[in-house]
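Q: structure of the sequence below:
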Amino acid sequence: MSERLLSGAARSAMLALTTPEAFLVLVTIRHAPTDEVFRVVANTAAIVSRGETFAPYAFRFALPTESGEEIGQASFEIDNVDLLLIDMLRRASAPAEFMIEIVLASAPDQVELSVADLLLREVEWNAQTISGKLMHDDILNQRFPRDVFDPLQYPGLF
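A: As a prediction, this is how the structure comes out:
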């Protein structure tokens, strides 16, 4: 089992009965082919972390259930208040990449916990919300070899 190293301030805030400290969730959504980036924070004000500005947005996560039979999928839902994210998702030819980070409000440049390499799949949107499933790339269930080279489609190879 791996140990997560948290800062002393984060550990104290987690173990205290009451604390003035706030944990903030930062989400970076990247559309790989165009390198468009959309950064949001679950807060009422924008946050600058490591030189990047995260815009305040309302969003929700539902953690995956552990069944042992399948790879877990977290569900993600964000309020649809800006057409920028919808435009980015419409142009996407591949799933958007997500990175989730947790920082302390008093030290936004120090990432306490990070989950990267998540892909947004099964995206749906309406006038109020954008929702989808966050999952790691399922390499165990991908077809191998990925492409089939046969004489009919590639006569020059045979």
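Q: residues contacting residue 46?
A: 53-56 (Cβ atoms under 8 Å, 6 or more residues apart in numbering). In this view, the C-beta of every residue, glycine as well, is placed from N, C-alpha and C.
Q: just the buried subset of those residues, please.
A: Buried by 16 or more other Cβ atoms under 10 Å: residue 54, out of the contacts of residue 46.
Q: in the protein, which residue is most central in space?
A: Geometric centre of the chain, nearest residue: residue 98, 2.7 Å, by Cα atoms, centre = their mean.
Q: tally of neighbours for residue 85?
A: 21 (other Cβ atoms under 10 Å).
Q: part of a strand, is it?
A: No - using DSSP: H, G, I helix; E, B strand; the rest coil, the secondary structure at residue 85 is helix, not a strand.
Q: how about the contacts made by the nearest residue to it once chain neighbours are set aside?
A: Using Cβ to Cβ, 6 or more residues apart in numbering and skipping residues adjacent in sequence, the residue nearest residue 85 is residue 38, 5.5 Å away. In this structure, residue 38 makes contact with 28-30, 84-85, 88, judged by Cβ under 8 Å, 6+ apart.
Q: how does it look with 10 Å?
A: Residues in contact with residue 38 (Cβ atoms under 10 Å, 6 or more residues apart in numbering) are 27-31, 54-55, 57, 78, 82, 84-85, 88-89, 96, 98.
Q: do residue 105 as well
A: Contacts of residue 105 (Cβ under 10 Å, 6+ apart): 13, 20-24, 41, 43, 45, 47.
Q: tell me which two of those sit farthest apart.
A: Farthest-apart pair in the contacts of residue 105 is 13 and 45; separation 19.4 Å (Cβ to Cβ).
Q: compare the two (neighbour count), which wins?
A: A count of neighbours by other Cβ under 10 Å puts residue 13 above the other of residue 13 and residue 45, at 20 against 9.
Q: re the thing from before, I'd like the distance between the residue nearest to residue 85 and residue 107.
A: 24 Å (Cβ to Cβ, to the nearest Å).
Q: show me where this structure has its strands.
A: Remark: strands assigned in the chain by DSSP state E are 23-31, 36-41, 47-49, 52-56, 59-62, 74-79, 96-104, 107-125, 129-135.
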